[in-house]
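>>> Below is the structure, and that's it, no one-letter string:
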């Protein structure tokens, strides 16, 4: 489990994982990946796509 406000730019997270922030939770399943863009957006790659 990760807190969104503690993820720095260019952080990378491999699923399975949860990313919590005020108002929402992002779910990464096994094989998914997430990278934080320099501007702060979450860029998610879904396994098998």
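It's in. Keep in mind it's a predicted model, so treat the numbers as computed, not measured. Numbering: from 1, shown residues only.
>>> ok, residue 27 - contacts?
Residues touching residue 27, when contacts are defined by C-beta atoms under 8 Å, 6 or more residues apart in numbering, comprise residue 18. (Each C-beta comes from the backbone N, C-alpha and C, glycine too.)
>>> what bridges to the closest residue to residue 45 other than its chain neighbours?
For residue 45, ignoring the flanking residues on the chain, the nearest one in space by C-beta to C-beta, 6 or more residues apart in numbering is residue 33 at 4.6 Å. The partner list for residue 33 in beta bridges (DSSP bridges) reads residue 14, residue 45.
>>> do you know how far residue 33 is from residue 13?
The spacing between residue 33 and residue 13, counted by C-beta to C-beta, to the nearest Å, is 7 Å.
>>> who has more neighbours, the two?
Set side by side, residue 33 and residue 13 give different neighbour counts by other C-beta atoms under 10 Å, the larger being at residue 13 (19 against 15).
>>> List the residues that contact that one.
So residue 13 contacts 2, 7, 19, 28, 33, 34, 35 (C-beta under 8 Å, 6+ apart).
>>> switch the cut-off to 6 Å
Going by C-beta atoms under 6 Å, 6 or more residues apart in numbering, residue 13 touches residue 34.
>>> got it, and residue 7?
With C-beta under 6 Å, 6+ apart as the criterion, the residues that contact residue 7 are residue 36.
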